[in-house]
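K.L.:
Sequence below, structure please.
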Amino acid sequence: MRAVVQRVSNCSITVEKRITGSIDRGLLVYLGVGKDDTRTDVQYLADKILNLRIFEDSEGKMNLSVQDRKGGILVVSQFTLHGDTRKGRRPSYNDAALPEIAIPLYESFLNELKRGGITPEKGVFGAYMEVSYTNTGPVTILIDSKKKF
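P.N.:
Okay, the predicted model is just below:
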């Protein structure tokens, strides 16, 4: 399971001209589910994101988590995070999970965030989405539950 985590001052998702999720200060999480991912990957990634210390404390050091700041989290499903560009010019998505695997793990991820005290906003799984946000810092972190990077 992979995530691109961005610290944002605002964020919203629009599907068919309707906002399906929005937050003010917090984290925008692009989530890619891989074909070999399990519940263990979900738990690892949710815990890592909830406790990632990328918000400034009173001394200006990145020392606080989204939980500490009482921020929001907006989660966007994105299979393209498993795109393999090593051969040719067109990415291969062979490592991305099919919907019958990805959807339950995506929902499980959302539930883990809730158990951690933050009810996430979300996009629409598999839909064409427009994402609007302001990345502050900028701060962008890549996380892979298999620890490939």
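
K.L.:
Nearest spatial neighbour of the residue nearest the centre of the chain, chain-adjacent residues omitted?
P.N.:
Among the residues of the chain, the one closest to the centroid is V29, at 2.2 Å (CA atoms, centre = their mean). Once flanking residues are discounted, V29 sits nearest to V75: 4.8 Å by CB to CB, 6 or more residues apart in numbering. For the C-beta atoms, the positions are set from N, CA and C on the backbone; glycine is no exception.

K.L.:
and that neighbour, what does it touch?
P.N.:
29, 31, 106, 109-110, 113, 120-123 (CB atoms under 8 Å, 6 or more residues apart in numbering).

K.L.:
ok so, going back, tell me the spacing between the residue nearest to the centre of the chain and R2.
P.N.:
Noted for V29: a distance of 10 Å to R2, by CB to CB, to the nearest Å.

K.L.:
cool, and G72?
P.N.:
Distance from G72 to R2, by CB to CB: 21 Å.

K.L.:
and what of K17?
P.N.:
29 Å.

K.L.:
Could you do D47 as well?
P.N.:
15 Å.

K.L.:
if you count what's nearby, which of the two comes out ahead?
P.N.:
R2 (23 against 14; other CB atoms under 10 Å).

K.L.:
So what sits opposite that one in the bridge?
P.N.:
G32, D144 (DSSP bridges).

K.L.:
ok, back up a step: three-state assignment of the residue nearest to the centre of the chain?
P.N.:
What DSSP: H, G, I helix; E, B strand; the rest coil gives for V29 is strand.

K.L.:
And N63, by the same measure?
P.N.:
On the basis of three-state DSSP, N63 is classed as strand.

K.L.:
just how off-centre is the top helix by length along the chain within its chain?
P.N.:
Ranked by residue count under DSSP state H, the longest helix found in the chain is helix 99-115. Offset of helix 99-115 from its chain centre (CA atoms, centre = their mean, to the nearest Å): 11 Å.

K.L.:
What helices and strands are in contact with it?
P.N.:
helix 39-51, strand 72-77 (3 or more CB pairs under 8 Å, 6 or more residues apart in numbering; DSSP states H and E).
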